[in-house]
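1. Provided below are the primary sequence and the corresponding predicted coordinates.
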Amino acid sequence: MPHRGTSYVNNAMLAMPPRQSNENFLEAYEVVLILDDREKFGFGDGTEYVLDYIVERKNLLDLDDSITDNRYKDQKLRLKRCGLRKVIYLVEGDPKSPHVSEKAKTACFTTEILDGFDILRTSGYAETERQYVYLTSSIIEYCNTNFSNLANTSHDGDTRAQEEMLQKKSKKVNAGASRNIFKLVWAEG
């Protein structure tokens, strides 16, 4: 389970959205957890920023199937390349169940040790929902605490370049484009 207040990934601070002078994070931003349930969703008005977090949820039986049909490797590769620094692999289910293969158990270990993802284990969907609430609250707490200190940092330390990029790319992404981006990054097969 990730530690509360974790603020560094590979000795680097996580990126923050832009900050205006004396702005408070909770007054300027609303953190929204977006769950991919493969149904249509829309965005509200305003500019959206993606924080440095992503969670891939797998139940153990689906993990086993994805290893068998090679989706597992593709999904891990996409997660590594997505550009987000805090990758959490949430594994749902009882690893002691007789229906869970050794390869699924080994995959959890290698995903954490070799791929560097944080592994979060839950017993089932109800606990997963509680973990989503906890993770969202922890992210909000982290951002609120560190917003004034970290908002002017970027991955490469070039704040001005980051601001210029955000200004150039501040156009809203419509729902169709969002779905196409999602498919490009996460499409199976």
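-> Cool, the structure landed. Worth saying up front: this structure is predicted, and the values here are computed from it rather than measured.
2. can we go C-alpha only for contacts and neighbour counts from here?
-> OK.
3. helix or strand for residue 31, which one?
-> Using DSSP states H and E, residue 31 maps to neither a helix nor a strand.
4. That one contacts residue 141, correct?
-> No. The pair residue 31 / residue 141 is not scored as a contact, 10.3 Å apart, by CA atoms under 8 Å.
5. Which secondary structure element of the chain has the lowest mean pLDDT?
-> Least confident helix or strand of the chain, by mean pLDDT, DSSP states H and E, is helix 159-168 with a mean of 47.
6. quick one: low-confidence parts of this structure?
-> The chain contains residues with pLDDT under 70 at 1-12, 37-46, 149-189.
7. Apply 50 and report the result again.
-> Applying pLDDT under 50 to the chain picks out residues 1-8, 39-41, 152-155, 157-159, 161-173, 188-189.
8. any idea where the helices of it begin and end?
-> For the chain, the helices defined by DSSP state H cover 25-28, 60-68, 71-81, 102-113, 125-150, 159-168, 175-186.
9. Looking at the ones you listed, which is nearest to residue 15?
-> Closest of the helices of the chain to residue 15 is helix 125-150, at 7.1 Å (criterion: CA to CA).
10. how about stretch 73-90: buried residues?
-> Buried residues in stretch 73-90, counted by 16 or more other CA atoms under 10 Å: 74-76, 79-80, 85-90.
11. List just the nearest of the residues you listed to residue 18.
-> Ranked by distance to residue 18 (CA to CA), those are led by residue 85 at 17.5 Å.
12. Count the neighbours of the nearest residue to that closest one once chain neighbours are set aside for me.
-> Nearest non-adjacent residue to residue 85, counting by CA to CA, 6 or more residues apart in numbering: residue 52, 5.4 Å away. Residues lying near residue 52 (other CA atoms under 10 Å) number 17.
13. sorry, back to before: could you redo the buried residues of stretch 73-90 as a markdown table and give each row distance to residue 17?
-> Converted to a markdown table, the buried residues of stretch 73-90 look like this (distance: CA to CA, whole Å):
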| residue | distance to residue 17 |
| --- | --- |
| 74 | 29 |
| 75 | 26 |
| 76 | 26 |
| 79 | 21 |
| 80 | 21 |
| 85 | 14 |
| 86 | 15 |
| 87 | 18 |
| 88 | 20 |
| 89 | 24 |
| 90 | 25 |
